[in-house]
Structures are given as structure tokens and as C-alpha cells.
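Novice: Give me the fold of what follows.
(4 chains)
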4 protein chains.
Amino acid sequence: MKLNITAELDYGMEQETDILMQIECAALPDQRILSETLDTGRTGAASRIAAEDGVGTRVWLTCHGGLRVRYTTEIEIDRAAPDLRTLSAEPVHRLPHEAVRYLMASRYCQSDEFQSFVNADFGHVAGGAAVHEMAEWIRTRFAYVSGSSGPTTTAIGTFVERRGICRDFAHVLIALARAKAIPARMVSCYGPDVTPPDFHAVVQVWLDGGWHLVDPTGMSRPDRVAIIGVGRDAADIAFLTSYGWVNLQHQAVYVRET
Amino acid sequence: MKLNITAELDYGMEQETDILMQIECAALPDQRILSETLDTGRTGAASRIAAEDGVGTRVWLTCHGGLRVRYTTEIEIDRAAPDLRTLSAEPVHRLPHEAVRYLMASRYCQSDEFQSFVNADFGHVAGGAAVHEMAEWIRTRFAYVSGSSGPTTTAIGTFVERRGICRDFAHVLIALARAKAIPARMVSCYGPDVTPPDFHAVVQVWLDGGWHLVDPTGMSRPDRVAIIGVGRDAADIAFLTSYGWVNLQHQAVYVRET
Amino acid sequence: MKLNITAELDYGMEQETDILMQIECAALPDQRILSETLDTGRTGAASRIAAEDGVGTRVWLTCHGGLRVRYTTEIEIDRAAPDLRTLSAEPVHRLPHEAVRYLMASRYCQSDEFQSFVNADFGHVAGGAAVHEMAEWIRTRFAYVSGSSGPTTTAIGTFVERRGICRDFAHVLIALARAKAIPARMVSCYGPDVTPPDFHAVVQVWLDGGWHLVDPTGMSRPDRVAIIGVGRDAADIAFLTSYGWVNLQHQAVYVRET
Amino acid sequence: MKLNITAELDYGMEQETDILMQIECAALPDQRILSETLDTGRTGAASRIAAEDGVGTRVWLTCHGGLRVRYTTEIEIDRAAPDLRTLSAEPVHRLPHEAVRYLMASRYCQSDEFQSFVNADFGHVAGGAAVHEMAEWIRTRFAYVSGSSGPTTTAIGTFVERRGICRDFAHVLIALARAKAIPARMVSCYGPDVTPPDFHAVVQVWLDGGWHLVDPTGMSRPDRVAIIGVGRDAADIAFLTSYGWVNLQHQAVYVRET
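Specialist: Just a heads-up that it's a prediction; the model follows:
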């Protein structure tokens, strides 16, 4: 499938501020960038570096007074979407080190605290079937409520409150999967099925020797999202990290299937 | 300098349990392994993988009933110990991506929440001088009290309670440095000056294009520690991560200068 | 002084919901209700009970579909405003039990975790002088930023982030005072100097045998606020506690000196 | 039934320290003190005050160098133990104000965050039947593990980790009951069935116009415990609150049915 994607960001700030931005789709074997433009206005891109695990890139911007960004791309996605339930977990001692890293607890995913719960409630299933059940458990038990969480909300808070947005659903699934010894990482993406249109966050789990997408909100499908970047949790894939106080004035995302 | 190091671990467990262990000194340009033995008893090492950032290795062990480990090494350390205050921070847009990763908040170091404090209390200094002041502030304001923290204690908790052990001191320094846009990572190590002898944790900050050690407890010196591994915080450098309930029965560390 | 106060609340809800409301000024020796009206629309007041410590009252409302409240009062305030620095703390063993209760940690004020900090930074002052210094420390170090905190933000979070609104400033002062063994409670109130006009929260500390008001935001003065209620922290003095999901549609507070 | 109870405490401290102690059984309609002695060594009781809700008393002690306490009592307990499932919740608007206080969130029981979970998982039952189900859910799903929690562990942490000790089990039940609009408070007590013998903590819920005991650990029965005090949670019923650092050297509790 092909997607036309546009993202607009408009921030105000009072002082010169360093901004680390990651909003561009990654060039990957299963998604091909057909065209793209990034307009950061008067703010030149100070530098561009590889993002986590080499998936996508980040741009440093030094901003004075404000930041107005317009990003457009056309992208072709050709990704398999196997049924998670058919995929097996690898024995941990066969995991490569780049997957083992994603067994560790992180800022928003305190997987170390969920072991007892996972053993009790998901001890009867394994591998992809376990991830599928966990994602379904989240999708059916948690309420998707805009504004019900904030930037410091963690998987523990969401697990207790049983509501949140895409980032929160993803954090809980990641915490549960890691507690089950299944590597899990967070994925920022664009998708035509996300309502209302916005940056979206889903999960990748390591099964059968590779990363596989799963969306615990149920809003998107693996073969219909354009991946921006990956990381341990929201701390790694923020579309904008600022060193200084910034004030969001406008943000819009448009995704259209072509 | 040369160190003779011995570490002994003895754990009990009721079920077959997967254990990820990282207690061996890393082979590094500034520390050379002269000899080493790792005895894991009947438990064979299931596999060995690279650890975070390629510093050291981790071993997967599948344990039945218990785990008894004895590790010994002789190591030669030849590390410069420049005065931190003479080192500069790099502008963030010149940081390599492997350093940028260590600007992000992590499980125990919620650096995102410390920006206002750091701006107010450490806004007047920069680079290595700032890190030096932060480390001194922690060393003189926080009490080192065994048993005053636990495995889920984070930098926020320690910052408020003003006491902890080496891991807690390190977490606070990492959180403050990152909030100042200085990459910081945690280092597990052995040192002859650690009292009482135990696994130790210190910090590395990225200054002048490289990683530099700093110990906010004041117990060890950069040129007198043997590095085991590195990572974002304690979640990454645990000497033992278990998937199942284990019970520590004995642990001892001996470090002697030769 | 005399104040004319109007408060308007408009909430939507989908199900029949029990609401506990506390927005009316308390009748107290140092503030006299001259007139008051409470209009809760079709929703009859199901019952009225004494509020915490007998300061003011709470009303239970059973709401169907929505809640529209309009409260108006004229109140005369005649309260002394002694300089806090002239007041002494009582030795703890002379505190009456109704003050001792306010030494304990509460939902948003984890005073137990602040003892080391308070000993280190406020160990040199005592009694009212200590409270004055704590309030000034908060007023000058913390930024008042609307929207920077949420309903689950605690004193620990605010202490670390160094910003918040009136409730957060009050929580930190309460936590610090209790850690210093000075009883402290939270006060909901109206004041003509609050900008923008809104429900306000300040602190009372027990000194020289009685409760004394202090506002760590610096916005109001003890002799110029109309007290609604008191309690351990925001959990006790919420103007509206609902058992079910409610949606704020409109809220306005007007306070005018006459 | 009659109980012989002995409690011994031995604390060391470096400085003169104010201690608030609550270890003596309360005189109540359903438990009668037959005899009692409290020996606090050289430390005279500085004062005695009523404890929370007038249940029992607290003693202030000013200690120099150390505190050695020996308390013994003989008590007769004559308490009904109705089946919780036969008791009804009162409509909230008929609750007396002394019960409404125990609907509020507190230090260790963040009941406000559990509403969605309680609605989803305990929405089908009401009153005492709901409390019974909640207590059974905790008893069967949570592991009682000494040392698995600490003094700052809250209901949220225990709910996620699924393990703790009596105080943690009580905190979770209190949080769930309050989220269901059933007033709940914490009770410190002695019981002959507590293994190993120690101070114990259980819960009282307000049903059918009165407080009723329930023990989510399943260790004790309502008619077989001697109540010490009550409060919102562990913060209110600590047997020892110190203003300064104290070091527990010895603690023993003996409870024998006679």
C-alpha cells in the first residue's frame, strides 16, 4: 500500500533551545520512501544522526523564538502481517544481544514489577499467543481516553487506572511482554486508520527471530503503518525532545491511502 | 595498577530459572584481563552475548535448584584520570548517536523531571565543571546508608530522601547530568577502595568526545576501578537478572591491589 | 473586610452519579456568613454532613445527566495575620490530638520521605520562622505553571519538577512542615487576590496553640481569604468528589471586595 | 476469648528523639482490658493523647540514646463476627461524616486511581459481598512474602507486584473498597493466629451502620484479634513514629489464648 503523510508542528519558545526531532519515516526493507520533504523554516538542521537500533534518523535543531515544521512524504509499505499466534518465542539463551536489550525495564515500562502478575494471568500461554492474549486483554479492559494521562504516566499508573492513550497501551503491553521474557520495544508510526489522525505508537515483539508489530489499541494493522522509529519506550521515540521550555501551538497529522 | 578480584554468588531457587549474569570484567583498551576463571558449578553457560554498547559480555544460565558461581580474575588497569573540571561538554548537535542515547530518561533516572532543578541550581556551570559540582553536591548532601533503598528505588525517591547506596547516588547524578544535556551512563565495577567490599556502581559522562568516570559516593577513583559493564541505569547492569523468584544465600566480593 | 463570592460549576455525566461537594464558605469565629444561596438545579441536596475537623460542610448530590451549581455568598472576614516568624512551635508532646493527626503523611504529602532534606536545609530554624523560610523557599524556587501538574501529582513530584499550581505548592509546604514535626493541613478557600480567579488552596500550620494560614504561592494573605474547608491534603478538600466519570463543562469563580 | 499479649521493642538512636508510640490495646465495647503494664524504662511518658477516631491512645516519649519498651496485657474479646456477605453498604448520602472521611484517598491507599478497575472487576457485586470478594481476590492472588515490600510501598505498588505483607494486603483492600464507595480504614492489632507472631494489620469496612473487621491475608478472624488503633492507613497506625533516625535492635510479640 502507499500512503501520503503530512505532519505539521508549530512550537513557541522564549529562549534559544536545542530540539531533537524524530518525525520522518524510516527507510526499511518493508517500507520504501518514494519522496519526502522536511521544511524547518529558518531553522537549519544542525545535524542528523542515526536513531535507536539504526531505525530512522533524528535531527538536531537549534531554535530561536519558535519552530515551525512541515514534513511530507509518500511511502510504499510492503509488510507481512502474520498471525501473532503462529509465532514462537525463542528460548532466552538464543536471543541475540540486540533483542536482549529489550528485556530490560525502562523509564515507562517497569517490567520487573509485573512478573508475578504475568506468571499468574498469562502463565498458561507462550510466545506469540501470549502476546496476542496480552494485547487483547489490554484492548478490551482499558479505556482509550484522550487527556487521561500525561507525559510522566508509566505502565504502572496505566495498569492501575485502566485507561490512557496509544502510548500508555503500548507501555503496558511492553511491560507485560518483557516480564514474560519476550523482548518488546516501542514504535512510533503513522497510520491511515488512526482516529483522530495523530502520531501513533505501537509495539514490536521479538518472535521467531524477528520483530513483529502489534497494536494493543486495535486501531492499526502491522501492514498499514509507516514506522518512524523504535526504542525502549516513549522516552526514546519522542517526536520532539527539547532542552528548554517549549509551548505547542499547533500540531496536525494527515495520513491518506493512495 | 593490578587487581586480584574474586566474586562469589550463591542463590537458591525452587524452579528451573533462566538467569542473565554480568559479573566479569570487560576487556577494554584501558583495562587488560591477565587471567580469569568463571565456575558456575553444574550449570553450564547456555550462551554468551555482547553486553550494552559492546562493553563486556553477559552469560545466560539455565539453573535447576540453585546457582553457585565463583569468578576470579587478575586485571591490569591503565586509565587516565583527568580533572573533570577541565573537560568540556560538546554541543548537543555534535554528539554521536551512541552518546545521544544516554540523554534519554530511563527506568531509574527520570531526567525529564529534573530540568527545572538543574537549570536553577546548576545553571551557572557547564560541562565537566557542572558534573563535578553535581557529584560533589550529591556526595556532601546525601547519606550513604545500607538498606535505606530497595530494587525499585529511583532517582526521584533518592533525590527526595537524600540517602541511598552507590546505585542510588549514581542514579541521581545520571538524572542531573542528562537534564543538563550531558550524556550519562551507569557503570558496574570492582574497586579496591570500596568499603565494605561489594559490587560497585559509578557513572560515566560524555565530555570532550569520550566517556569519563565519576563516582558520586567519593569511594573510588577512575583509575582504580575495573569496569564490568555499562548501561542506562541499574536495569541494564544488574549482575544478575532472573526470570523467576531466586533467593540470595551468599554473596562476597574480594578486591586486592597486587 | 467583606467579600462577594460566586462560584459556578457545570458538569456532564452519562450515568446517575453520587457527588460529594464542598464549595461553601465555612462559618467560623473569624469569618461570618452574611448571606448565601446554593442552587443545584433539579438536583436536590441528598444530605449535608460536617466536613473535616468540623470546618464547613459537605453536600451529597445524586445527579442524573448533569450537575449545574451556582453558589453565592457575602462574607465578612476578621482574621488576625500575625507575622509567622513571631510564632513558636509547641513541643510535640504538648500537641493536642487534633493537631497530632496533621503530623502524619497523607495521599499527596509524603512527609516521611522529607526528613533528611528538612533537617539539612531547614535544621537551623524552628517554629514559625521555619515555616516562613519553607514558604519563601517554595515561592522563590518553584514556578507557578497552569497545566504543569495533574490530579495524581504529589509533593514528591512537585518537589522534583519545581513547578505546579496552588495545590502543589501547598502540598510541598505541608510535607516539609510535617517533616519538621509541625502539624500542617490544607485549606480550600476563595480570595480576591487570586489571579486568575479560581478556587484556591493554602496551608494552615499549628503554632502557639492554634492554626495559622500561610500561602506558599504568595498570592493571598491570611486576613483576605474565605475558608471553605480543611483536611490532610487535596484528597480531603476536593470541591467535587465523584463516584463515576464526570466531565467538566464550565467552572467560574468570582470574588470581589465590597 | 481471653488473650495474654506481650510486646517488646528495643531501639537505638544517637540523638534525643521524639517518639510517638501506639502499641497498647484500645478499651472498646467489644474488648475489655483486664490488666496492663507499660514499661518504657528510664524514658517517662511525656504525654498521652487520644488516637484516631478515639480508638486507643498514643504516647509521646522523649528518648535519649535508646528506647526499651515492654508492654503486657490481658484482654477479653467479645466481638460478633457476622458473615460479611450478609451486610449491606449504606447509600453514600446516608453515611455519617466520621465514615465519609474514610472514603478519601490516603498516603498508601490511592483509591482514586482504582475506580475503573473496581467497576470492571467488582461491578457485579455490592456491599459486604463485594468486600468479601475483594478480600478473597487478594488472599488468593497475592503472595505473602516477608521482606518483599518496604515502608514506602503503596497499594499501587502491591497491586502491580502482587505480593507483600499484612500492611500491603490491607492497603489494597482499603483502596478497592473506597473506590467502590465503601468507607474503609486500617486497624493495627494483635492476634493469636498470626504466624510468625508480630504486630498485625487488618481492615474495617463500614457496612450496615458500623465498622466490620476483615483480614485479606486470611490469617486472623474478627472475633480473635485485639485492636490497638485505627486510621486511614499505615501512616496513621504506625506503632512507632520517630522524629529522627532510629535503629531497631529487637522486636518481639507474644500472643497466647488463655
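Novice: So which bits of the stretch 1-150 of chain A are right by chain B?
Specialist: A:18, A:20, A:46-47, A:49-52, A:58, A:60, A:62, A:92-97, A:100-101, A:103-107, A:110, A:112-113, A:115 (C-beta under 8 Å from any C-beta of the partner chain). In short, each C-beta sits where N, CA and C put it, glycine included.
Novice: Sort out for me which of the residues you listed are in helices.
Specialist: A:H97, A:V100, A:Q115 (DSSP state H).
Novice: which residues sit in contact with the last one?
Specialist: When you say that, I think you mean A:Q115. Applying C-beta atoms under 8 Å, 6 or more residues apart in numbering or on different chains to A:Q115 gives the contacts A:A179, B:Y243, B:G244.
Novice: Quick check, the second one in contact with B:E16.
Specialist: No - counting by C-beta atoms under 8 Å, no contact exists between B:Y243 and B:E16, whose distance comes to 10.0 Å.
Novice: is stretch A:156-168 anywhere near chain B?
Specialist: No - Stretch A:156-168 stays clear of chain B (C-beta under 8 Å from any C-beta), getting no nearer than 9.8 Å.
Novice: Contact residues of chain A facing chain C?
Specialist: Residues of chain A lying near chain C (C-beta under 8 Å from any C-beta): A:G150, A:T152, A:G157.
Novice: In JSON lines: those, plus neighbour count.
Specialist: Below are those laid out as JSON lines (neighbours: other C-beta atoms under 10 Å in any protein chain shown):
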{"residue": "A:G150", "neighbour count": "16"}
{"residue": "A:T152", "neighbour count": "20"}
{"residue": "A:G157", "neighbour count": "22"}
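Novice: Mind checking which of those residues land in helices?
Specialist: A:G157.
Novice: Quick check: which of the residues of chain A next to chain C are also close to chain D?
Specialist: Okay, of the residues of chain A next to chain C touching chain D (C-beta under 8 Å from any C-beta), that's A:G157.
Novice: wait, which of the residues of chain A next to chain C is closest to D:G209?
Specialist: Checking the residues of chain A next to chain C against D:G209 with C-beta to C-beta, the nearest one is A:G157 at 35.7 Å.
Novice: Spit out the contact partners of that closest one.
Specialist: With C-beta under 8 Å, 6+ apart, A:G157 has these contacts: A:S149, C:T152, D:E113, D:I156.
Novice: where along chain A do the strands fall?
Specialist: Assigned by DSSP state E, chain A shows strands spanning A:2-13, A:17-21, A:31-39, A:45-50, A:57-63, A:66-77, A:143-144, A:163-164, A:184-190, A:200-207, A:210-214, A:226-231, A:240-243, A:246-257.
Novice: Now do the fourth one: which elements does it pack against?
Specialist: When contacts are defined as 3 or more C-beta pairs under 8 Å, 6 or more residues apart in numbering or on different chains; DSSP states H and E, strand A:45-50 sits against strand A:57-63, helix B:97-100.
Novice: by contact count, what packs against the longest one?
Specialist: In this structure, strand A:57-63 packs against strand A:17-21, strand A:45-50, with contacts taken as 3+ C-beta pairs under 8 Å, 6+ apart.
Novice: Now A:R79: phi and psi?
Specialist: phi -120, psi 130 (degrees, to the nearest 10).
Novice: D:P183 versus that one, what's the distance?
Specialist: Applying C-beta to C-beta, to the nearest Å, the value for A:R79 to D:P183 is 54 Å.
Novice: between the two, which one's more packed in?
Specialist: D:P183 (24 against 18; other C-beta atoms under 10 Å in any protein chain shown).
Novice: ok, now which ones touch that one?
Specialist: D:L95, D:A99, D:V100, D:R101, D:Y102, D:L103, D:A177, D:V205, D:W206.
Novice: and with 6 Å instead?
Specialist: D:A99, D:Y102, D:L103, D:W206 (C-beta atoms under 6 Å, 6 or more residues apart in numbering or on different chains).
Novice: from those, which single one is nearest chain A?
Specialist: Nearest to chain A among these is D:L103, at 18.2 Å by C-beta to the nearest C-beta.
Novice: The residue of the stretch 1-150 of chain A found nearest chain C - nearest residue in space that isn't next to it in sequence?
Specialist: Nearest to chain C, among the residues of the stretch 1-150 of chain A, is A:G150, at 5.3 Å (C-beta to the nearest C-beta). In this structure, A:G150 finds its nearest non-sequential neighbour in C:G150, 5.3 Å apart by C-beta to C-beta, 6 or more residues apart in numbering or on different chains.
Novice: for A:W245, same thing?
Specialist: A:M13 is the one closest to A:W245 (C-beta to C-beta, 6+ apart), at 6.8 Å.
Novice: Ok, A:Q251 next?
Specialist: Closest to A:Q251 by C-beta to C-beta, 6+ apart is A:L9, at 5.5 Å.
Novice: check contacts around A:N247.
Specialist: With C-beta under 6 Å, 6+ apart, A:N247 has these contacts: A:G12.
Novice: that older thread, and the residue nearest to A:W245, how many neighbours?
Specialist: 17.
Novice: Wait, it touches A:V246, no?
Specialist: Yes - because the distance of 4.6 Å satisfies C-beta atoms under 6 Å, A:M13 is recorded as touching A:V246.
Novice: just to revisit the earlier point, can I get the residues of chain A next to chain C in CSV with pLDDT?
Specialist: Formatted as CSV, these follow (pLDDT from 0 to 100):
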residue, pLDDT
A:G150, 91
A:T152, 92
A:G157, 97
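Novice: Which of the residues of chain A next to chain C sits closest to C:R167?
Specialist: A:G150 (15.4 Å).
Novice: Quickly note the distance from that closest one to C:V246.
Specialist: 19 Å.
Novice: returning to what we had before: for burial, what's the neighbour tally of the residue nearest to A:Q251?
Specialist: 22.
Novice: Local confidence estimate at it?
Specialist: For A:L9, the pLDDT comes out at 94.
Novice: what does the stretch 151-258 of chain A put close to chain D?
Specialist: Residues of the stretch 151-258 of chain A found near chain D (C-beta under 6 Å from any C-beta of the partner chain) are A:I156, A:V160, A:E161, A:R162, A:R163.
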